[in-house]
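Undergrad: Mind looking at a prediction? Sequence and model below.
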Amino acid sequence: MKVRLNYFYRKLYAQFGRQHWWPGESHFEVVVGAILTQNTNWNNVERAINNLKQENLLNPRALYRASAKRLALLIKPSGYYNLKAKRLKSFLTVLFNDYQGKIKNLFNLSTPRLRQVLLGINGIGPETADSILLYAAARPVFVVDAYTKRILFRQRLIKRDASYGQVQGLFIKNLKRDTRLFNEYHALLVRLGKEICRKNNPKCKLCPLGCRQKSFK
DNA sequence: CACCAGGCAAGTA
DNA sequence: TACTTGCATGGT
């Protein structure tokens, strides 16, 4: 297992190269992006983020002061806009109530404690919390998403109903606990998933990992 | 036209 | 605990 996961990484890196994740000019922007990208294509998230930038709202204080209604209008391109406006607000409420509105204070927490706090916020689940931990707070935490599960299932490394924690545990146990590695590895899995390892994709044979399992779901 | 995209929470049994 | 449904725009 250890060998295969390390081999996959080298294979993917050789195929696709560096992915330069996470695009964002600040830790706060990465957090906002992590919430907006839930079940959503990144292109649509960029439109939403650009709208916030144009209104000079892409900082904690301004976003905290803006009404949920105004937020919803601006982030509309990212989909689920009413829901996500609330989720941004619930994050900001915790940030201001408990950490003086400063990401720096929040990120002073230990990794387990920070994860716990993030998961306690309405609208932040395991994947979003881990994305924030890895890509905003630079902690060596592995992010598991739908692509990760599909790819590992097709490699017959997990059952199709494997839990988030089980899949995450595979990577944690078999790879060097390294933020840079986890950053690049997750991004490469997303790249492979988008490009080749999709549901019932006829291009499956072109998978650089040598995929054999053809169906998923 | 159908299907997908870097999930999560709330409701039901 | 395990399953279902609502949320919603934009690309292919």
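TA: On my side now, so go ahead. Numbers count the residues shown, from 1 in each chain, chains lettered A, B, ... in the order given.

Undergrad: can you tell me how far the spatially most central residue of chain A sits from A:V31?
TA: Taking CA atoms, centre = their mean, the centroid of chain A lies closest to A:S131, which sits 3.9 Å from it. A:S131 sits 9 Å away from A:V31, going by CB to CB, to the nearest Å. To be clear about C-beta, it is placed using only N, CA and C from the backbone, and glycine gets the same treatment.

Undergrad: try A:I124
TA: For A:I124, the distance to A:V31 - CB to CB - is 9 Å.

Undergrad: what residues do the two have in common as contacts?
TA: Counting by CB atoms under 8 Å, 6 or more residues apart in numbering, the shared contacts of A:I124 and A:V31 are A:F91, A:I132.

Undergrad: could you dump whichever strand or helix holds the residue nearest to the centre of chain A to CSV, C-alpha only?
TA: Assessed by DSSP states H and E, A:S131 sits inside helix A:126-131. This file holds the C-alpha atoms of helix A:126-131, laid out as CSV (Å, rounded to 0.1, in the frame of the first residue of the first chain):
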residue,chain,number,x,y,z
PRO,A,126,-14.8,17.3,7.1
GLU,A,127,-13.7,18.2,3.6
THR,A,128,-14.0,22.0,4.0
ALA,A,129,-12.4,21.9,7.4
ASP,A,130,-9.4,19.9,6.0
SER,A,131,-9.1,22.1,3.0
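
Undergrad: quick one, longest helix in chain A?
TA: Criterion DSSP state H: the longest helix present in chain A is helix A:81-99.

Undergrad: what about that helix, near DNA strand C?
TA: Yes: using CB under 7 Å from any atom of the strand, we find that helix A:81-99 touches DNA strand C at A:Y81, A:N82, A:L83, A:K84.

Undergrad: Counting neighbours, which of those comes out on top?
TA: Neighbour counts for the residues of helix A:81-99 next to DNA strand C, by other CB atoms under 10 Å, peak at A:K84, which reaches 24 neighbours.

Undergrad: Does it touch A:T37 like I think?
TA: No: contact criterion CB atoms under 8 Å: A:K84 and A:T37 do not qualify, at 9.6 Å.

Undergrad: And for the residue nearest to the centre of chain A, nearest residue in space, chain neighbours not counted?
TA: Spatial nearest neighbour of A:S131, excluding adjacent residues (CB to CB, 6 or more residues apart in numbering): A:A34 at 4.4 Å.

Undergrad: Quick one: residues contacting that neighbour.
TA: A:T128, A:S131, A:I132, A:Y135, A:A136.

Undergrad: hmm, 6 Å instead?
TA: Each residue near A:A34 by CB atoms under 6 Å, 6 or more residues apart in numbering is listed here: A:T128, A:S131, A:I132.

Undergrad: okay, the first one: pLDDT?
TA: In other words, A:T128. If you check A:T128, the pLDDT there is 98.

Undergrad: The helix or strand containing the residue nearest to A:S131 vs DNA strand C: in contact?
TA: Following DSSP H and E, one finds A:A34 within helix A:27-36. No: judged by CB under 7 Å from any atom of the strand, helix A:27-36 makes no contact with DNA strand C; its nearest approach is 11.1 Å.
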